[in-house]
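In: Mind looking at a prediction? Sequence and model below.
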There are 2 protein chains.
Amino acid sequence: MRMKFTYVGIRVRDTPKSVRFYTKLLGMKYKGRYKIEATKGEVAFLQSNNGKFGIELNYYPRSSPFYTKYTAGEGLDHLAFGVASPARALKEAKKMGHPVIKEIRGKKSRWAYIKDPNGLWIELFES
Amino acid sequence: MRMKFTYVGIRVRDTPKSVRFYTKLLGMKYKGRYKIEATKGEVAFLQSNNGKFGIELNYYPRSSPFYTKYTAGEGLDHLAFGVASPARALKEAKKMGHPVIKEIRGKKSRWAYIKDPNGLWIELFES
């Protein structure tokens, strides 16, 4: 059966704050913000700059049946972004209040993690 | 700065079980399985069938410094897959032991959720 993996939905506590992080720092394009009647929540949609994949920011107010106390958890290990100059990206991230939390040097490659506004791990690797 | 959103990493408790779920049911392509010296863990990589986006399955044994007790949490709200025939996909999912846990009917569209082997929510929508 033909399936098309289309987007990853993450839960956010503050939509504008997350939109800012993913667009200003990570180059996603903002596509819009919509109320969802069925969940009494709201989603904002972001698209990768090649238009091939998306991130949906899911916000549930306390009145939503989907509302639960937020724990980032381990389900989402990290979201990974390739970048031409990790050093420059990490400098910019730090300036925006997202310092490196872990840097890993393998034999042939290195990569680093920062945290998004909800504590999710974001990997930046050279590509 | 040019960033390329490349993959989403999810944490798994049993790599082969998750590989089976994402390839057999959701059409992802298996690209390989690798030990990661720096984390003392292992990753398996899956690619969408248009080759544009990936899922990395991250496994950390108890001996890994990245090991923590697994809680799915709310960070990852869901992974979304478009499918030509949701009814057929949901029937197949049920047969594989992943029944519908929630179905939502909006005014113009409907979508349904199943759970992956780690309890992560997977959305199937008509596309």
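Out: Cool, the structure landed.
In: which stretches of chain A have low pLDDT?
Out: A:1 (pLDDT under 70).
In: what's the lengthiest helix in chain A packed up against?
Out: In terms of residue count, the longest helix belonging to chain A (DSSP state H) is helix A:86-95. Here helix A:86-95 touches strand A:110-115, strand A:121-126, going by 3 or more Cβ pairs under 8 Å, 6 or more residues apart in numbering or on different chains; DSSP states H and E. Just so you know, the C-beta spots here come from the backbone N, C-alpha and C atoms, and that holds for glycine as well.
In: repeat that for 10 Å
Out: Taking 3 or more Cβ pairs under 10 Å, 6 or more residues apart in numbering or on different chains; DSSP states H and E as contact, the helices and strands that helix A:86-95 lies on are strand A:76-83, strand A:110-115, strand A:121-126.
In: got a list of what residue A:68 touches?
Out: Contacts for residue A:68 (Cβ atoms under 10 Å, 6 or more residues apart in numbering or on different chains) come out as A:11, A:60, B:73-74.
In: Distance of it relative to residue A:76?
Out: 15 Å (Cβ to Cβ, to the nearest Å).
In: Make TSV from the helices and strands packed on helix A:86-95 and add distance to residue A:3 and mean neighbour count to it.
Out: Conversion of the helices and strands packed on helix A:86-95 to TSV gives the following (distance: least, Cβ to Cβ, whole Å; neighbours: other Cβ atoms under 10 Å in any protein chain shown):
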stretch	distance to residue A:3	mean neighbour count
strand A:76-83	20	22
strand A:110-115	29	19
strand A:121-126	25	19
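In: and of these, who's closest to residue B:80?
Out: strand A:76-83 (13.7 Å; Cβ to Cβ).
In: which stretch of helix or strand covers the residue of chain A found nearest chain B?
Out: Closest residue of chain A to chain B, Cβ to the nearest Cβ: residue A:73 (1.2 Å). Under the criterion DSSP states H and E, no helix or strand holds residue A:73.
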